[in-house]
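S.K.: With the sequence up front, the predicted model follows.
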Amino acid sequence: MYKHKKRMYLWAIVILVTGLLAGCSASNEDSAAKSESAAGNGAALSQEAGAAKNDSPGESEALGDAFANGKETGAETASGGGFASDTLPVTDGYNQKVIYSASLNMQVDELTTAAASLRNAIQLSGGYILQFQDTRHDGEIGSSYTIKVPAAGFMSFIDRVEQIKHRSFERKIAGKDVSEEYVDLASRLKARQLVEERLLSMMDQAVKADDLLKFSQQLGTVQEDIERIKGRIRYLDNNVAFSTVELRMYQTDQSIVQVGEGDPNLGTRLSEALSGSAKAVWEGVKLLLVVAAGALPVLVVLAVIAVPAVWLKRRWKRVNKPSAAKSEDEQQPPSP
């Protein structure tokens, strides 16, 4: 009996040890599998990162340049406590689309010199003049510019303009975020392109002429939508890539006001007198016309009332005149 129990204990110990060994081996296999899976995922992520880097080297270089420019200009301070060159966000990494614009107003001492400096600043920034207009009135000469500059050099261009010698300088900077519209347009474009592919495949499989004509009309409408969406996307891309600067540069020139000052000669005085008299006569005529126009309705009403009254009075006189003459003859005594 004792030997039988001892054998049972031995078998139980053997089974327990075998189970523990099996569990340890299974856990080792699971951990090894997890390590291999993690290593595979890490390798895949590194390959995707390398592919992304190879696919868009220009984007990485642009980010590096933006970071370098931000470090270089970080120590600079914008005058007046406004924007500095490093305050604009780097939008490439976040796929953010922002359209920047500025409105500048500058008074200068000499407009010609300031305009030359402005053209140099535009050339250095890689921009161009979109619209230009000269103005001259009331002792002031000026120029209005609509300028397009690359968004990367937007603030540096404004800083260059501010360095032009001036008496006063005003600026207003604004940004418009069009990221939501851009994403919406991209989604709509993808959906319309899928519809276009389906219509093309259906046209290839169409047998009847009516079906082919219907698919062709639908395809034309879809393609018009696609071109419209692409045009809007190109417009947003251009406005994001190039910022708009509205600049008014002017110079006060008192010599324009002083022209013609001094003692007028006889001809000038006669001309001024004649012009004043003609102006007075014309003002009187206009006043009479205004009074006549205002009194016209009253005159019409009076005429409507007076004309019948006069006609009735004359008729009454004609009717009563013979009877009055007859009564006078009857009242006279007979002659002896």
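M.R.: Arrived safely, thanks for sending. Numbers count the residues shown, from 1 in each chain.
S.K.: Need phi/psi at His166.
M.R.: The phi/psi pair for His166 (degrees, to the nearest 10) reads phi -150, psi 170.
S.K.: Likewise for Asn239?
M.R.: Note on Asn239: backbone dihedrals following degrees, to the nearest 10 are phi -70, psi -30.
S.K.: try Leu130
M.R.: Note on Leu130: its backbone torsions stand at phi -90, psi -30 [degrees, to the nearest 10].
S.K.: Mind checking the pLDDT average for stretch 108-127?
M.R.: In this model, stretch 108-127 carries a mean pLDDT of 91.
S.K.: tell me which residues in it are buried?
M.R.: Neighbour-count burial for stretch 108-127, with 16 or more other CB atoms under 10 Å as criterion, is recorded at 108, 111, 114-115, 117-118, 121-122, 125, 127. For every residue, glycine as well, the C-beta is placed using N, CA and C.
S.K.: Over to stretch 206-217?
M.R.: Neighbour-count burial for stretch 206-217, with 16+ other CB under 10 Å as criterion, is recorded at Phe215.
S.K.: go on, stretch 143-159?
M.R.: Residues of stretch 143-159 classed as buried: 143, 145, 147-149, 151-159 (neighbour count, 16+ other CB under 10 Å).
S.K.: Now do the helix or strand hosting Val245: which elements does it pack against?
M.R.: Under DSSP states H and E, the secondary-structure element containing Val245 is strand 242-252. Contacts of strand 242-252 with other secondary structure elements, assessed using 3 or more CB pairs under 8 Å, 6 or more residues apart in numbering; DSSP states H and E, are made with strand 98-107, helix 111-125, strand 140-150, helix 154-162.
S.K.: Moving C-terminal from the shortest one, which element do we reach first?
M.R.: Think helix 154-162. strand 168-177.
S.K.: Any chance you could list what contacts that next one?
M.R.: Among residues not part of strand 168-177, those counted as contacts by CB atoms under 8 Å, 6 or more residues apart in numbering are 82-83, 96-107, 158, 162.
S.K.: Against Ser271, how distant is Gln131?
M.R.: Distance, Gln131 to Ser271, by CB to CB, to the nearest Å: 41 Å.
S.K.: Which parts of the stretch 151-300 of the chain are helices?
M.R.: 154-162, 179-205, 209-241, 255-258, 266-331 (DSSP state H, counting those that start in this stretch).
S.K.: got TSV for those helices, with mean pLDDT and distance to Ser168 too?
M.R.: Supplementary listing: the helices of the stretch 151-300 of the chain in TSV, determined by pLDDT from 0 to 100; distance: least, CB to CB, whole Å:
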stretch	mean pLDDT	distance to Ser168
helix 154-162	91	11
helix 179-205	91	36
helix 209-241	91	29
helix 255-258	51	20
helix 266-331	77	38
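S.K.: okay, the buried residues of stretch 108-127 in CSV with distance to Ala309 next?
M.R.: As requested, the buried residues of stretch 108-127 are exported to CSV (distance: CB to CB, whole Å):
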residue, distance to Ala309
Val108, 78
Leu111, 76
Ala114, 80
Ala115, 79
Ser117, 85
Leu118, 81
Ala121, 86
Ile122, 84
Ser125, 87
Gly127, 84
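S.K.: ok, so of those, who is nearest Asn265?
M.R.: Sorting the buried residues of stretch 108-127 by distance to Asn265 puts Leu111 at the head of the list, at 33.4 Å, by CB to CB.
S.K.: Quick one: residues contacting Ile147.
M.R.: Under the criterion of CB under 8 Å, 6+ apart, the contact partners of Ile147 comprise 122, 127-130, 157, 244-247.
S.K.: follow-up on the earlier one: of all the buried residues of stretch 143-159, which comes closest to Gln205?
M.R.: Within the buried residues of stretch 143-159, distances to Gln205 taken as CB to CB reach their minimum at Ala151, with 47.4 Å.
S.K.: OK, contacts around the nearest residue to the closest one once chain neighbours are set aside?
M.R.: The spatially closest residue to Ala151, leaving aside those adjacent along the chain, is Ser243, at 5.0 Å (CB to CB, 6 or more residues apart in numbering). For Ser243, the contacting residues are 99-102, 148-151, 154, by CB under 8 Å, 6+ apart.
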